[in-house]
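In: Here is my input, please return the structure:
(3 chains)
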Amino acid sequence: MAETKPGFEVRLANFTGPLDLLLGLIAKHQLDITEVAIATVTDEFIKYIRKLQELGEDWALDEASEFLVIAATLLDLKAARLLPAGEVESDEDIALLEARDLLFARLLQYKAFKQVAGLLGGTLHDEGRRFPRQVALEEHFASMLPELVWKHTPEQFAALAAAALRPKAPKPTEVGLGHLHGGTVSVKEQAEILGIRLQQESPLTFRALTADADSTLVVVARFLALLELYRDRAVAFDQLSPLADLAIHWTAGEREWSAENLSEEYEEQP
Amino acid sequence: MNSADSPEGRNDAQSWLRHLPGGAKAALEAVLMVVDQPATEDELAAGLELTLGEVRKLLADLQADYNGYTVKAPDEEQASSAGFGSSPRGFELRNIAGGWRIYSRPDFADIVGKYVLEGQTARLTQAALETLAVIAYRQPVSRARVSAIRGVNVDSVVRTLAQRGLIEDAGTDPESGAILYRTTSYFLERMGISSVAGLPELSPHLPGLEGIAEFYDADRM
Amino acid sequence: MNSADSPEGRNDAQSWLRHLPGGAKAALEAVLMVVDQPATEDELAAGLELTLGEVRKLLADLQADYNGYTVKAPDEEQASSAGFGSSPRGFELRNIAGGWRIYSRPDFADIVGKYVLEGQTARLTQAALETLAVIAYRQPVSRARVSAIRGVNVDSVVRTLAQRGLIEDAGTDPESGAILYRTTSYFLERMGISSVAGLPELSPHLPGLEGIAEFYDADRM
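Out: I've put the predicted structure just below:
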């Protein structure tokens, strides 16, 4: 089947997609679905992509887009997990929580369909052991059938054949546009901007760092960039109380950090 | 032809059937020999000029007859003279996809399989099975929605399932204009069930997610 | 599988058959019920791993069984326990031109004929016409290939076209073993042409047809 990527089979049996991979990783680490250690899952995933690259695998378009979906899914999870567990007030927080619930719901639903598919497969196999009586009509009865009405000229028939044989242009698939955004915002670029600013002045609040953002997307990108910087130990966070302003301290030396070091998670080169 | 509704007609037909060797049961059997798709009880009743009740009774008789049963000593003689045997036949009568049809008994699948090459369908891949499951439980459903649930592009799998006759076009979504898919009666036949309602329940596999449909519609791409 | 020629193999096969419900007779019945082409005694013996003599005996048993017979009192119990009934069934086992097949019993020809004709039309459906067109221009061609081109399962339509005498079996594909179909002389007659070469060229209707074979082969399932 076109969907089975040989590369994935090494790691997970029956890989069929990002949700499958997520489920597989979750199962592999025997984690409760609500307690997913995102870092582990993410690291595992990134390790996998790197290995693929080292092997010099060509990136098929399908495969690449599946990776993007996985990455987006992981980011969703990551973002949602960073919300404080306590009270939430802003609409955005609620939206994030809902996104997380939705994601878990999706995973559970996906798992349910996987299980049911197993049942279906078993039934189809068992039922395949019964053969229906499907014999040609006895000649006696076949000869009783009314004479066919045939009105087609050879030319009409040829036109019919031509239409039937014409390679069908793939019917327009509804393209999911929900994940597309107006413009592209690079996490790496935003990290660079933040790096420069924080090296000039530290600490800064998240509010201050995003004050000039002209779209939510830039805010999100800067948030993700901060997570990256945090992972690279370039910044530290400081928050006095839940939902209070988040202060960001620059902890890396001036020359120790550059956006080039940023994890390739977002800026993977083909 | 006498109408099955008129009492005279019915009596004629019945007495006529009764005079044939084996009676109405054998006549029903004869018809079942030429059907090449499941025959509904309505069709059979109309064709044999019997009431629905009579046809159902005869179908049940034939089914039990083919399955064989252990007769107790006092009944054995009667059973035998009525044309009943106690040992199962090589075939069975099943009510599938809304109609009745004769099938070879699964015990003999290995032997029958040597003769019937066509119709032996290759196994579906895991991806095809999962896609089929989503379509079966969410029909009528668009490819995009199936993709969203499965997390992958399902175009080629949907094409394969349609070629295998397991799913079909069910019109277009009035809102998005996307083609909707549903399972076919061939799917029911392959599953050995009468209708989609005969599919195993999905809910036990979906713990605490009764509201999932709403979730999904909100997330619809 | 053990060879039917080896005595050990035969014994294994026989004991295996004996353990199936209904034994070798039911196994033979299962095959006869679903084979489309009449099966020769040789084919049946090979498939069931029985000797010709055994198969002939079982065929005779089944034939008598289906025809029903009046059992005498002492035999009745035995007959019944062996699964024999005394009343004729709606079907019969016939040996035509060396091959055995189950047919509906001629006594019920009127009822069966009426049932078969019910709902039959003198016109081909659009699906049947398109399938016929694909077969005409791609013959000899397998059902799987026609399905791939049309994007739907064509099994029942192909059966209808064969029943109507418009297409016929043209041997099997040496690679896949699938049955190939071609149009018949009756088709040419209805089209008013003398040979398939007389079919109008497709090119005016289908520019760039040259690459179409490759296109479909690539898509072949």
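
In: Do stretch B:163-182 and chain C come into contact?
Out: Yes: applying Cβ under 8 Å from any Cβ of the partner chain, one finds stretch B:163-182 touching chain C at B:163-166, B:168. For the C-beta atoms, the positions are set from N, CA and C on the backbone; glycine is no exception.

In: Among those, which lie within helices?
Out: Using DSSP state H, the subset of the residues of stretch B:163-182 next to chain C located in helices is B:Gln163.

In: which of the residues of stretch B:163-182 next to chain C lies closest to C:Asp110?
Out: Each of the residues of stretch B:163-182 next to chain C was scored against C:Asp110 by Cβ to Cβ, and B:Gly165 proved nearest at 33.6 Å.

In: and the nearest residue to that closest one once chain neighbours are set aside, how many neighbours?
Out: Sequence neighbours aside, C:Asn153 is the residue nearest to B:Gly165 in space, at 2.4 Å (criterion: Cβ to Cβ, 6 or more residues apart in numbering or on different chains). Other residues lying near C:Asn153 total 22 when counted by other Cβ atoms under 10 Å in any protein chain shown.

In: how about the CA coordinates for stretch A:130-147, as CSV?
Out: Written as CSV, here are the backbone C-alpha positions of stretch A:130-147 (Å, rounded to 0.1, in the frame of the first residue of the first chain):
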residue,chain,number,x,y,z
ARG,A,130,-18.4,-19.0,2.6
PHE,A,131,-18.9,-18.9,-1.1
PRO,A,132,-22.3,-17.7,-2.5
ARG,A,133,-24.0,-19.7,-5.1
GLN,A,134,-23.6,-17.4,-8.0
VAL,A,135,-24.0,-19.5,-11.1
ALA,A,136,-24.9,-18.5,-14.6
LEU,A,137,-28.5,-18.5,-15.4
GLU,A,138,-29.6,-21.9,-16.8
GLU,A,139,-29.8,-21.6,-20.6
HIS,A,140,-33.5,-22.4,-20.5
PHE,A,141,-34.2,-19.3,-18.5
ALA,A,142,-31.5,-17.1,-20.2
SER,A,143,-33.3,-17.7,-23.5
MET,A,144,-36.5,-16.4,-22.0
LEU,A,145,-35.0,-13.0,-21.4
PRO,A,146,-36.5,-10.2,-23.5
GLU,A,147,-34.5,-9.4,-26.6
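
In: buried set for that stretch?
Out: A:130-135, A:137-138, A:141, A:144-145 (16 or more other Cβ atoms under 10 Å in any protein chain shown).

In: ok, residues contacting it?
Out: If you take Cβ atoms under 8 Å, 6 or more residues apart in numbering or on different chains as the criterion, stretch A:130-147 is touched by B:32-34, B:36, B:91-92, B:94, B:101-106, B:109, B:112-113, B:116, B:119, B:189, B:192, C:33-36, C:101, C:103-104, C:109, C:112-113, C:116-117, C:120-122, C:159, C:162-164.

In: Work out for me the element B:Asp42 sits within.
Out: Under the criterion of DSSP states H and E, B:Asp42 resides in helix B:41-48.

In: is that helix anywhere near chain A?
Out: No: applying Cβ under 8 Å from any Cβ, one finds helix B:41-48 out of contact with chain A, separated by at least 12.9 Å.

In: How about the residues of the stretch 101-250 of chain A by chain C?
Out: Residues of the stretch 101-250 of chain A lying near chain C (Cβ under 8 Å from any Cβ): A:131-138, A:140-142, A:144-150, A:152, A:154-155, A:157-168.

In: which stretches of the stretch 101-250 of chain A form strands?
Out: Using DSSP state E, counting those that start in this stretch, the strands of the stretch 101-250 of chain A run over residues A:204-205, A:235-239, A:246-250.

In: And A:Ala244, its phi and psi?
Out: For A:Ala244, the backbone dihedrals are phi -80, psi 170 (criterion: degrees, to the nearest 10).

In: any idea how far it is from A:Asp238?
Out: In this view, A:Ala244 and A:Asp238 are 10 Å apart by Cβ to Cβ, to the nearest Å.

In: Same question for A:Lys188.
Out: 25 Å.

In: cool, and A:Glu127?
Out: Per Cβ to Cβ, A:Glu127 is found 64 Å from A:Asp238.

In: which of the two has more neighbours?
Out: A:Glu127 (17 against 13).

In: what's that one in contact with, if anything?
Out: For A:Glu127, the contact set (Cβ under 8 Å, 6+ apart) comprises B:190-192.

In: Where does the prediction get shaky in chain B?
Out: For chain B, the stretches with pLDDT under 70 are B:1-19, B:69-86, B:117-121, B:206-221.

In: Near B:Arg123, how many residues? Count them for me, please.
Out: The number of residues packed near B:Arg123 is 11, by other Cβ under 10 Å.

In: Relative to the whole chain's centre, how far out is the longest helix seen in chain B?
Out: Determined from DSSP H, the single longest helix within chain B is helix B:52-67. Relative to its chain's centre, helix B:52-67 lies at 16 Å (Cα atoms, centre = their mean, to the nearest Å).

In: So what touches it?
Out: Contacts of helix B:52-67 with the rest of the structure, by Cβ under 8 Å, 6+ apart, involve B:24-25, B:28-29, B:32, B:41-42, B:44-45, B:48, B:50, B:83-85, B:88-89, B:91-95, B:100.

In: In this model A:Pro203 seems to touch A:His249, though I could be wrong.
Out: Yes: if you go by Cβ atoms under 8 Å, A:His249 and A:Pro203 touch, sitting 4.5 Å apart.

In: And the strands in chain B, which stretches?
Out: Under the criterion DSSP state E, chain B contains strands at B:91-96, B:99-104, B:141-142, B:167-172, B:179-183.

In: Listing partners with orientation, what would you give for the third one?
Out: Take DSSP bridges as the rule and strand B:141-142 pairs in its sheet with strand B:179-183 (antiparallel).

In: what's the angle between the partner strand and strand B:167-172?
Out: Computed by axes from the mean of the first three to the mean of the last three Cα atoms, to 10 degrees, the angle separating strand B:179-183 from strand B:167-172 equals 140 degrees.
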